[in-house]
Structure formats: C-alpha cells, structure tokens
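1. Prediction below, plus the sequence it came from.
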Amino acid sequence: MRVLVTGGAGFVGSHVAEALVREGCEVAVLDDLSTGHRRNLPRGVALYEGDVRDARFVELVFREVRPEAVSHQAAQASVARSVREPRLDADVNVLGLLVVLEAAARQGARRFVLASTGGALYGDVREPAGEDRPARPESPYGVDKWAGEEHLRLFAREHGLSAVALRYGNVYGPRQDPRGEAGVVAIFADALVRGRAPVIFGDGSQTRDYVYVEDVARANVLALRAPAPGPGGFRAYNVGTGVATDVRTLYARIRSAVGPEAPPEPIHGPPRPGDLRASVLDSRRIAAELGWRPTVDLDEGLRRTVAWVRAQAGRPEEG
Ligand SMILES: NC(=O)c1ccc[n+]([C@@H]2O[C@H](COP(=O)([O-])OP(=O)(O)OC[C@H]3O[C@@H](n4cnc5c(N)ncnc54)[C@H](O)[C@@H]3O)[C@@H](O)[C@H]2O)c1
C-alpha cells in the first residue's frame, strides 16, 4: 500500500511512518518542519517539505506520490497555543485538513485516517468516555479537531472516501519534543534527566489517559488497513488505555524511572488556560472492531522514554 503521512516528521507521525515501513508499505511524508525534524524520518522515506495549507503544493505532492491512503497527522498540536492563536489553529487544523482532503479525493486516495483527540474533544470526564459521548471541547484546539472530524465525515460521504478518526489520549514516548508546550512526559523526563525540577501547572491533580506512541502508531496501521468502513463511510475510535493518571503520580513515576539523581520536588505554577481537569478514554470499540489493545504499560513506556531522553541529552542539535 502507498501511504502519504502528513506530519510524518513529527512525534506521532514519524512512528506511524516507521510502523508502515515495517509493514512493507511505500511511505512518503509531507511536513513543513515547523515542529517536526528531518532526523525523525525513517531511512528511505521521501520528505516533501511544505505547508498543508498550500493547495498547489499539496496537489503536486498527491500527483507525484499517488497515495492509496493518507494518514493525516500534521496539525497545530498545542492546546495552549490554540488558546493564544485560535485563528492559526483553525487555519491549520480545519482549512489545512480540507486542502489535504480535496487533493486526496481528486487524486483517488481511498482511505483517510485523521489524528484527532479524545481529551480535548470530550472535555472534562472522570469515567472512561466512549465515542458516543457528546463533544464538549474546552479549547479552540478541541473545537477545531471536532470540526475537522465533522468535515471528514461529510467529505467522505460526498466523495466516496473511507474515513477514520483516531481520538488519541495523551501520547508519550521517544521523539516527543520537550521544548514544545505539549507533552508533559517529555518535559518532565527532559528536566529530570538534566537534574532540573520541572513545573507542575495547577495542583497536579489533573488526570490524563497516557498512551505509548508505538501503540498509537499500531492503531494507525490497523485503521489504514481495515476493510471497514466502506466508501463514503466514517468511523471514530478512541485510542487510550482506560487508566487515568494524575500529574503528581506521573511525576513520581518518571522520577523513579530516572533514578536517585532526579531532584525530589517539582515547582508549582498557575493552572494553564484550556487545560482540562480530568480525561480518560474507553477504547473498547477499537478493541472489538480492529483488534487494537495497548501493549506497553505506563512504567515500561516511561522507562523507554527516559532511556531515549538520556541518549539524546548532550547530543548536538541537528535538523
Ligand atoms: N501528542 C499527543 O498527545 C496528541 C494527542 C491527541 C492528538 N494528537 C494529534 O496527533 C497529531 C500529531 O501530533 P504530535 O504530538 O506528533 O505533534 P508534532 O508537533 O510533533 O507533529 C505535528 C507535525 O506536523 C507538522 N506540521 C505542523 N503544521 C504543519 C503545516 N501547516 N503543514 C505541514 N506540516 C505541518 C509539524 O512540523 C510536525 O512534524 C496531531 O494531529 C495532533 O493534534 C496528538
């Protein structure tokens, strides 16, 4: 299968590209490298460097690659930035998606998988939220991912695409950029490995559903390969563990993965606008329909992430 991965030089997208290459797919990446890095790309994968909002460029890439399937990971992925710059968020996450959808339909792609969000879509939830829970986004990012899903559903029906939205929990693992504003695991692990105390925003009782990036990549592969939905169909799946972990507990577990050299106490800062109190996902639908289950538990995932962060610390910067 020929697959175009947008955002494939980013954190999640590069793991998706890697998993697809392992599966024997032909993979190309479209990315503007705004938060992604060339070094994240798997060996032998072509990079088309440009913006998903640039319709001419996107059309040219589709003409050249002729993908049978698209994994759309490119996005403005920071909730905090979406609060500061809501127009930018809508521009990339709604209009950029429509540009890619139009090119996909014109150039004959059949399957379209969208990276969506569970937490930011359902809003505050203390019990695992299923896919039928009404959307209650609390940030521009959540609103735009929701709008994106609805565009995808309607677009698929109009143009005979087969569409899947994957609603991720909080994805963590190697290659997550600690310099971004998203990715608490990367930020904490990076600070602790360097012997610095990280900042916890708010009182640290906020909960999230942390899901390891390779499990998320496998969910993408399954969604790209699944026989259903048929042409014109749309299906949404949560991709989480069903386990809620609060930030203080997460901090303690990362600290123990780092070892005794980690500073004992975090610094506390004010809560951030747009941040949810609680979020956890019910992923029984994807288990039943696609056979996906998380395989890496939090402690193992944190151990692998800390090992990666350690290996990176002190490495010279590269593109
Ligand atoms: N990381 C998470 O916890 C999480 C949770 C829910 C959903 N998601 C979604 O998963 C996807 C991947 O997120 P990530 O965490 O890997 O973020 P990331 O920032 O590492 O990846 C996004 C990639 O898209 C590229 N990109 C951004 N704007 C672009 C544009 N206008 N044109 C072309 N490329 C562009 C970036 O350079 C980057 O490589 C996003 O759609 C995000 O919204 C992530």
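-> That came in fine, so what should we check first? Numbering: from 1, shown residues only.

2. only C-alpha atoms for contact and neighbour calcs from this point on.
-> OK.

3. Show me which residues of the stretch 1-150 of the chain sit near the ligand.
-> 7-13, 31-36, 50-53, 73-77, 92, 115-117 (CA under 6 Å from any ligand atom).

4. Which ones among these map onto helices?
-> The helices, defined by DSSP state H, take in 11, 12, 13 from those.

5. closest to residue 305 among these?
-> Nearest to residue 305 among these is residue 11, at 12.4 Å by CA to CA.

6. And for that closest one, the neighbour number?
-> 23 (other CA atoms under 10 Å).

7. That one is in contact with residue 171, isn't it?
-> No - counting by CA atoms under 8 Å, residue 11 sits too far from residue 171 to count as a contact (9.2 Å).

8. Please enumerate the strands of the stretch 51-200 of the chain.
-> Using DSSP state E, counting those that start in this stretch, the strands of the stretch 51-200 of the chain run over 69-72, 111-117, 162-168, 170-172, 199-201.

9. any idea of the angle the third one forms with strand 111-117?
-> Which is strand 162-168. Relative orientation of strand 162-168 and strand 111-117, computed by axes from the mean of the first three to the mean of the last three CA atoms, to 10 degrees: 20 degrees.

10. Walk me through which strands strand 162-168 pairs with, and which way each runs.
-> Counting by DSSP bridges, the strands paired with strand 162-168 are strand 111-117 (parallel), strand 234-239 (parallel).

11. Poorly predicted segments of the stretch 201-319 of the chain, please.
-> For the stretch 201-319 of the chain, the stretches flagged by pLDDT under 70 are 274, 314-319.

12. those strands in it, which residues are they?
-> Secondary structure of the stretch 201-319 of the chain (DSSP E, counting those that start in this stretch): strands at 207-208, 210-212, 234-239, 245-246, 267-269.

13. re earlier: can I get the strands of the stretch 51-200 of the chain in CSV including distance to residue 24 and mean neighbour count?
-> As requested, the strands of the stretch 51-200 of the chain are arranged in CSV below (distance: least, CA to CA, whole Å; neighbours: other CA atoms under 10 Å):
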stretch, distance to residue 24, mean neighbour count
strand 69-72, 14, 25
strand 111-117, 17, 25
strand 162-168, 21, 26
strand 170-172, 25, 24
strand 199-201, 42, 17
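
14. between the strands of the stretch 201-319 of the chain, which gets nearest to residue 185?
-> strand 210-212 (9.1 Å).

15. can I see the domain layout of the protein?
-> 2-171+212-239, 174-208+243-281+296-312 (automatic domain parsing).

16. looking at the ones you listed, which is buried most?
-> Greatest average neighbour count among the domains of the chain goes to domain 2-171+212-239 (a mean of 21), per mean count of other CA atoms under 10 Å.

17. and that domain, how far out from the chain's middle?
-> 8 Å (CA atoms, centre = their mean, to the nearest Å).

18. first vs last residue of that domain, how far apart are they?
-> 24 Å (CA to CA, to the nearest Å).

19. hmm, back to that, mean pLDDT for the strands of the stretch 51-200 of the chain: which is lowest?
-> Mean pLDDT is lowest for strand 199-201 among the strands of the stretch 51-200 of the chain, at a mean of 92.

20. Quick one: list the elements packing against that one.
-> Under the contact criterion of 3 or more CA pairs under 8 Å, 6 or more residues apart in numbering; DSSP states H and E, strand 199-201 touches strand 267-269.

21. What strands line up against the strand it packs on, and which way round?
-> Short version: by DSSP bridges, strand 267-269 pairs with strand 199-201 (parallel).

22. give me the low-pLDDT residue ranges for the stretch 51-200 of the chain?
-> In the stretch 51-200 of the chain (pLDDT under 70), the answer is 181.

23. What ranges does it have for its helices?
-> Assigned by DSSP state H, counting those that start in this stretch, the helices in the stretch 51-200 of the chain fall at 55-65, 79-84, 86-90, 96-106, 119-122, 140-159, 184-193.

24. of all the strands of the stretch 51-200 of the chain, which lies closest to residue 210?
-> strand 170-172 (4.7 Å).

25. Can you check what pLDDT the model gives the closest residue to residue 40 other than its chain neighbours?
-> Excluding its sequence neighbours, the residue lying closest to residue 40 (CA to CA, 6 or more residues apart in numbering) is residue 9, at 5.4 Å. In this model, residue 9 is scored at 98, pLDDT.

26. so what's residue 9 up against?
-> Each residue near residue 9 by CA atoms under 8 Å, 6 or more residues apart in numbering is listed here: 29, 31, 33, 36, 37, 38, 39, 40, 41.

27. Surely the last one touches residue 8?
-> Which is residue 41. Yes - Residue 41 is within contact range of residue 8, at 7.0 Å (criterion: CA under 8 Å).

28. Now the common contact residues for these two.
-> Common neighbours of residue 41 and residue 8 (CA under 8 Å, 6+ apart) are 14, 17.
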